[in-house]
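Q: the following comprises the amino acid sequence and a computationally predicted model.
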Amino acid sequence: MLALGAGSVALLALGLAMPSPPALVGSFVGIAASWSLSAWTRGSGAPGGTILAAAGIFVAAELAYWSLEQASVPDEPELLARRAAGLALRAVGAVALVSFALAALGLNAGGGLLLEAVGAAAAVALLALVLLLARAGHETAER
Amino acid sequence: MTRYATPKLGAYVVLTALGLLASLIFARPELALIAVPFAVLLAVGLAYARQPDVRVHVELDRERVLEDDEITLEVELDARDSVARLELLVEIPRGLELVSGRNPVALRLEVGEERVLELRFRCARWGAYRLGDVHLRARDAAGLLAWEQTLDRAETLRVYPRPEQLRELVAPRETQLFTGNRVSRQKGEGLEFADLRPFAPGDRIRRINWRASARRGDLWVNEFHAERNADVIIFLDSFADARRGGTGTLDQAIRAAASLSERYLVGKDRVGLVNFGGVLNWLRPGTELQQRYRIVEALLNTEITLSYAWKEIDVLPRGTLPAKALVLALTPLLDDRAVSALLDLRARGFDLVVIEVSPLPFAEPAPGRSGELAFRLWKLLREGRRAEYERAGAPVVEWQEGTPLTAILEGVSASRRHAHAHARA
């Protein structure tokens, strides 16, 4: 598992250096497989750090594709700041989503009260997101 | 605009599918958790992806500039819809260098936003350029879809060669009939004293040379040399070019041709151009500013065109090479067709001056003894060609890169004066 994880990270580095989108896909599949194997070997129930692992893989993928875009055409400073804020928001959203999914599936991630709080916050955030999207869609339709 | 899926979309679809499949195969619902953020981003991103609507207007501040001048290109963007990330690339032709501004650039445009991007270029090399072809690539907020478009907004930019400061020009041996600034051998209206002759009815009183008349006891009048113009033909050999890096013999020759034509036209001479190469161009002799622009425009379009066809002077139409014209040839003496054509011109009695734009600074011997031997033989062959011109009565001056053209012209004038004095003696 360690070898698979290390190999995937090396592939990620190679994919970024080349830059090569297929190598990035392979590296993320490898990282996800490594984490999945780890979860499988530990038996039933969600492993500790599930939320962070899922959100981490997502954020790493977002960062990797962002860096590929930067390699071809760099962003203006204003756009760079905006995208960084957007990425932070997506990271929080991913944590909230995974927490919500965990809670919905009734799995025990071993986080205790803290994870319960994150799950509740995720549910609220998801509702807010749905409302926000519905409003944005309504505005687009009006225009 | 052409829409296509980015590699990110494919990767996220693969990751989502694999996560869900693994969850099903291993009967472990938590494995699907990895796929959740990717799946949600895909769903939201694709649902809200819209084709961007951006109007682009490109404007150059000037259409005609001199070499080394700077120009500004303004790219005006008018967004009818918001664009999360718009990549913009202005195609820059070789010969222009970006001095300030970002190219390519990625920016965000809000609905109704108008942006003006300023790109400043230095015109490093003469030529006619098309500047302003814009490539646009827009991405949606999630970066899953992209739209590409190439806009042909190019405007023509003419970069004229910067003329050199010339202190002296090669004076033609013969003048023409029209009034100019050259002292003719013929007598007529002018300022330069030529001779004395006895007074004849009709002579103006102010022409009488009172001192000579008093000495000879009869009326004598001054005669003057007429001031006439001359015909100058600039013969540009564009069969071959020796180049290294960003410069070559053709560049040097074209700069010289532009400088010479400008100076001769200022002196009221008629100037014509013969561009003798793979593609044959000519301009009949003319005067004034209009002719100057015609010549420079013709020079801007000069390029080396490979051709194996043998060309002679006979292919030029009548009137292109007027009798008594001074032919100033700018040639690297690399192609036999140009060498032969120039000898033909001399044989027909044209006043010929050959300025050899030396290809030596752009050539290097091949490694090894045989390479050096071949290089020496080539140089000897060139010397033989020069001697052939000398025998035909046409002076050849070698012009090496870095030497001012005015120094070369002064050398030519001095050698012509010397040859003239020698012939008279």
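A: Thanks, I have the structure now.
Q: surely residue B:152 touches residue B:133?
A: Yes - the pair residue B:152 / residue B:133 is scored as a contact, 6.0 Å apart, by C-beta atoms under 8 Å. (C-beta placed from N, C-alpha, C; glycine too.)
Q: of the two, which one has the most company?
A: Taking other C-beta atoms under 10 Å in any protein chain shown, residue B:152 and residue B:133 do not tie; residue B:133 has more neighbours (16 against 9).
Q: give me the spatial nearest neighbour of that one, chain neighbours excluded.
A: Distances taken as C-beta to C-beta, 6 or more residues apart in numbering or on different chains put residue B:91 closest to residue B:133, at 4.2 Å, once the chain neighbours are dropped.
Q: let me know the pLDDT of that neighbour.
A: As predicted, residue B:91 sits at a pLDDT of 90.
Q: swap in residue A:114?
A: 61.
Q: need the contact list for residue B:356.
A: Neighbour list for residue B:356: B:331-333, B:386, B:396-399 [criterion: C-beta atoms under 8 Å, 6 or more residues apart in numbering or on different chains].
Q: return the member of those residues nearest to chain A.
A: Set against chain A, the nearest of those by C-beta to the nearest C-beta is residue B:332 (42.1 Å).
Q: can you pull the domain assignment for chain B?
A: As recorded under automatic domain parsing, the domains making up chain B are B:2-47, B:54-160, B:184-228, B:231-424.
Q: let me know the average pLDDT across the last one.
A: Here the mean pLDDT over domain B:231-424 is 84, rounded to a whole number.
Q: how far does that domain stretch from start to finish?
A: Criterion C-alpha to C-alpha, to the nearest Å; first-to-last residue distance in domain B:231-424 is 24 Å.
Q: ok, and the closest non-adjacent residue to the residue in chain A that chain B sits nearest to?
A: Per C-beta to the nearest C-beta, residue A:21 is where chain A lies closest to chain B, at 3.4 Å. Spatial nearest neighbour of residue A:21, excluding adjacent residues (C-beta to C-beta, 6+ apart): residue B:7 at 3.4 Å.
Q: ok, that neighbour - contacts?
A: A:21-22, A:24-25, A:65, A:68.
Q: and stretch A:92-109 with chain B, contact?
A: Yes - using C-beta under 8 Å from any C-beta of the partner chain, stretch A:92-109 reaches chain B at A:93-94, A:97-98, A:101-102, A:105, A:107.
Q: number of nearby residues for residue 96?
A: If you meant another chain, say so; for now it's chain A. Applying other C-beta under 10 Å, we find 24 residues neighbouring residue A:96.
Q: my question was about chain B
A: Other residues within reach of residue B:96, judged by other C-beta under 10 Å, total 20.
Q: same question, the one 10 residues further on
A: Applying other C-beta under 10 Å, we find 22 other residues in the vicinity of residue B:106.
Q: quick check, pLDDT for it.
A: 92.
Q: and the helix or strand that contains it, what does it pack onto?
A: Using DSSP states H and E, residue B:106 maps to strand B:105-109. Contacts defined by 3 or more C-beta pairs under 8 Å, 6 or more residues apart in numbering or on different chains; DSSP states H and E place strand B:105-109 against helix A:77-105, strand B:83-90, strand B:114-123.
Q: ok, the shortest one: who's next to it in the sheet?
A: The one in question is strand B:83-90. strand B:105-109 (antiparallel), strand B:127-139 (antiparallel) (DSSP bridges).
Q: just send the contacts of residue B:356 back as a markdown table, with neighbour count and distance to chain A too.
A: Shown next, in a markdown table, are those (neighbours: other C-beta atoms under 10 Å in any protein chain shown; distance: C-beta to the nearest C-beta, whole Å):
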| residue | neighbour count | distance to chain A |
| --- | --- | --- |
| B:331 | 24 | 46 |
| B:332 | 26 | 42 |
| B:333 | 24 | 48 |
| B:386 | 17 | 54 |
| B:396 | 24 | 53 |
| B:397 | 18 | 51 |
| B:398 | 16 | 49 |
| B:399 | 23 | 45 |
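Q: how far away is the residue of chain B found nearest chain A from residue A:61?
A: Nearest residue of chain B to chain A (C-beta to the nearest C-beta) works out as residue B:7 at 3.4 Å. Plainly put, residue B:7 is 11 Å away from residue A:61 if you go by C-beta to C-beta, to the nearest Å.
Q: who touches both of those two?
A: Shared contacts of residue B:7 and residue A:61, defined by C-beta under 8 Å, 6+ apart, comprise residue A:24.
Q: just the buried residues from the residues of stretch A:92-109 next to chain B, in ChimeraX please.
A: Selection of buried members from the residues of stretch A:92-109 next to chain B for ChimeraX, criterion 16 or more other C-beta atoms under 10 Å in any protein chain shown:
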select /A:93,94,97,98,101,102,107
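Q: min pLDDT across the residues of stretch A:92-109 next to chain B, which one?
A: Among the residues of stretch A:92-109 next to chain B, residue A:107 has the weakest pLDDT, 59.
Q: could I get the contacting residues of the residue of chain A closest to chain B?
A: Counted by C-beta under 8 Å, 6+ apart, residue A:21 has contacts A:15, A:65, A:68, B:7-8, B:10-11.
Q: and the longest helix for chain B?
A: In terms of residue count, the longest helix belonging to chain B (DSSP state H) is helix B:369-391.
Q: buried ones in that helix?
A: Applying 16+ other C-beta under 10 Å to helix B:369-391 flags B:382, B:385-386, B:389 as buried.
Q: over to stretch B:181-196?
A: Of the residues in stretch B:181-196, those buried under the neighbour-count criterion (16+ other C-beta under 10 Å) are B:182-184, B:190, B:194.
Q: one step back: who does the longest helix of chain B touch, helix- and strand-wise?
A: helix B:336-347, strand B:396-399.
Q: so which elements touch the last one?
A: Using 3+ C-beta pairs under 8 Å, 6+ apart, the elements in contact with strand B:396-399 are strand B:351-357, helix B:369-391, helix B:405-424.
Q: what lines up beside that strand in the sheet?
A: Strand pairing for strand B:396-399, using DSSP bridges, gives strand B:351-357 (parallel).
Q: so the partner strand versus helix B:336-347, what angle?
A: 150 degrees (axes from the mean of the first three to the mean of the last three C-alpha atoms, to 10 degrees).
Q: angle of strand B:351-357 against helix B:405-424?
A: Using the same axes, to 10 degrees: strand B:351-357 against helix B:405-424 is 140 degrees.
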